[in-house]
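# Take a look and give me a structure for this.
(one chain, ligands or ions: 1)
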Amino acid sequence: MKTVLLIVASLFLSCALPAQKQTTFRPATEWPDTEGKHINAHGGGILKKGKVYYWYGENRPDAGGSMNTGISVYTSRDLMNWENRGIALAVSSDTLSPIQPGCIMERPKVVYNKKTGKYVMLFHLELKGQGYAAAQVGFAVADKPEGPFRFLRGLRPNAGQWPVDFSQKDIDEALALDPAKYANWWTPEWRDAVKKGLFLARDLKGGQMSRDMTVYVDDDGTAYHLFSSEENLTLHLAELTEDYLDYTGKYIRIAPGGQNEAPALFKRNGKYWLITSGCTGWAPNEARMFVADSLWGEWKQLPTPFVGENAQKTFNGQSTFVLPYKNKGFIFMGDIWKPKSLSTSQYLWLPIQFQEDGTPTIPYREEWTLKDLMK
Ligand code: DGJ
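So this is what the prediction gives:
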């Protein structure tokens, strides 16, 4: 009887008490929202509007890899305490829709378009029952940051377009590559053909593959879609049209054949920094870093910014976004994937430190606050 009473009392208390306020960031732990439930916004990104931060991410089910809800949105004013605002982009009950339940929606990023006054969401879209074969980007739009977002279309970018850094000679060479000759992957000849555009040429007509991704808006308001293309072997950075709903056709390849996923891009003191991961499914690997003076390159590869114990596994995480915080610094946002139950995946948010020459460094911290950010 006593036990029953205790259970009832604790149930009552857990319902009645407000969730505990978060006062620090604690990577790799459960992160309760304002209702006390672990935040379900994976592979996400953040948009700031006024004083409010909007965190968009994959709303993952407890089991399985496909979606049955959509893209979550949470709001916060202090980046630690997040209110669940529900589903910003919902899967569609229309069985002909590319975003019907059973599809995969990953790595959503939302940007505000000052010219149109609309909120634009881009995300990695895979079609129901096709695993990761479709490799599309989804576009959705909303009038308000919390949504509801309206799905516009899924597509493969830049059909019929060669990268702007491809000369006529490069184009001729790529077109001359015979895919039948390179059926065996990972040979030195195959690697060379990939760099020369084996998959770029293969996908030219139907558009380039687009999987892990981010969106970056530069100071002049131009937006760019950065995504893993060419069988996840090469990143593409593609300029979006003024309304952010299409491509201008201008794009470059970054690190051809380098197998980069999970791109997160930021700018500091005139330099563009790009943090990525390698390609090992849900398993963590060593992050990579790139730097450039212009988005159009040249991009130079540097060692991982992560330092200390387990840095070679990125502290078990994978990049998703870098958030500039006021003028005070930058927050690295990553995911610690739990593939058996993706909804329970944890977060790896860490302050980025900068060396004297401006190079980012990210040591682990069990607990930190916004005071730990440095310019
Ligand atoms: C690695 C990617 O970074 C994730 O977003 C997800 O697509 C997994 N692969 C799936 O295995």
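# Could you measure from Ala255 over to the ligand?
16 Å (C-beta to the nearest ligand atom, to the nearest Å). C-beta: built from backbone N, CA, C; applies to glycine.
# Now do the same for that residue: its pLDDT.
With respect to pLDDT, Ala255 has a value of 98.
# Pretty sure it sits against His236.
No: with contact defined as C-beta atoms under 8 Å, Ala255 does not reach His236; the gap is 10.5 Å.
# neighbour-wise, which of these two wins?
Per other C-beta atoms under 10 Å, whichever of Ala255 and His236 has more neighbours is His236, with 23 against 17.
# Which helix or which strand is home to that one?
strand 234-240 (DSSP states H and E).
# how about Pro363, what does it touch?
Phe306, Val307, Gly308, Leu350, Gln353 (C-beta atoms under 8 Å, 6 or more residues apart in numbering).
# tell me which residues form a beta bridge with the second one?
This points to Val307. Pro363 (DSSP bridges).
# CSV for the contacts of Pro363, including neighbour count and distance to the ligand?
Output for those, formatted as CSV (neighbours: other C-beta atoms under 10 Å; distance: C-beta to the nearest ligand atom, whole Å):
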residue, neighbour count, distance to the ligand
Phe306, 26, 16
Val307, 12, 22
Gly308, 11, 23
Leu350, 23, 18
Gln353, 17, 25
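# from those, which is closest to Pro157?
Proximity of these to Pro157 was ranked by C-beta to C-beta; the top entry is Phe306 with 30.0 Å.
# Around the nearest residue to that closest one once chain neighbours are set aside, how many other residues sit close by?
Distances taken as C-beta to C-beta, 6 or more residues apart in numbering put Ile362 closest to Phe306, at 5.0 Å, once the chain neighbours are dropped. By other C-beta under 10 Å, 25 other residues sit near Ile362.
# check contacts around Ile362.
Contacts of Ile362 by C-beta under 8 Å, 6+ apart are Pro305, Phe306, Val307, Phe332, Leu350, Pro351, Ile352, Gln353.
# Show only the entries of those found in strands.
By the criterion of DSSP state E, membership of the contacts of Ile362 in strands covers Phe306, Val307, Phe332, Leu350, Pro351, Gln353.
# how near is the third one to Lys51?
Yep, that's Phe332 we're talking about. In this view, Phe332 and Lys51 are 22 Å apart by C-beta to C-beta, to the nearest Å.
# interface residues of this protein facing the ligand?
Gly43, Glu106, Arg107, Asp212, Glu261, Ala262, Gly281, Trp282, Gln318 (C-beta under 6 Å from any ligand atom).
# So how do I select the buried members of those in ChimeraX?
Only the buried entries of these go into this ChimeraX selection, using 16 or more other C-beta atoms under 10 Å:
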select :43,106,107,212,261,262,318
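# where's Ile99 relative to the ligand, distance?
16 Å.
# now Ser72
Ser72 is 15 Å from the ligand, by C-beta to the nearest ligand atom.
# and what of Tyr251?
21 Å.
# which non-adjacent residue is nearest that residue?
Using C-beta to C-beta, 6+ apart, the nearest residue to Tyr251 is Ala238, at 3.8 Å.
# Gly334: helix or strand, and which one exactly?
Secondary structure (DSSP H and E) places Gly334 in strand 329-336.
# That strand: partners in the sheet, and parallel or antiparallel?
Partners of strand 329-336 in its sheet, by DSSP bridges: strand 318-325 (antiparallel), strand 346-351 (antiparallel).
# In TSV: those strands, plus mean pLDDT.
Listed next are the strands paired with strand 329-336 as TSV, based on pLDDT from 0 to 100:
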stretch	mean pLDDT
strand 318-325	98
strand 346-351	98
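# most packed of those strands?
strand 318-325 (a mean of 24; mean count of other C-beta atoms under 10 Å).
# In PDB, list the C-alpha atoms belonging to that strand.
What follows is strand 318-325, C-alpha atoms only, in PDB (Å, rounded to 0.1, in the frame of the first residue of the first chain):
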ATOM      1  CA  GLN A 318      28.700  15.100 -35.600                       C
ATOM      2  CA  SER A 319      28.300  18.700 -36.700                       C
ATOM      3  CA  THR A 320      25.000  20.200 -37.700                       C
ATOM      4  CA  PHE A 321      25.300  24.000 -37.300                       C
ATOM      5  CA  VAL A 322      27.400  26.900 -35.900                       C
ATOM      6  CA  LEU A 323      25.400  29.600 -34.200                       C
ATOM      7  CA  PRO A 324      26.900  33.100 -33.900                       C
ATOM      8  CA  TYR A 325      25.800  34.400 -30.400                       C
END
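# So which residues make contact with that strand?
If you take C-beta under 8 Å, 6+ apart as the criterion, strand 318-325 is touched by 42-46, 79, 107, 109, 214, 261-266, 273, 275-277, 284-285, 287, 330-337, 352, 370, 373.
# In the residues of the chain next to the ligand, find the pair that's most separated.
Arg107 and Gly281 (14.6 Å).
# Start from the N-terminal end of the chain and give the helices.
Along the chain, counting by DSSP state H, helices occupy 2-16, 168-176, 188-196, 198-202.
# The second one - what's its average pLDDT?
Read it as helix 168-176. On average, helix 168-176 scores 98.
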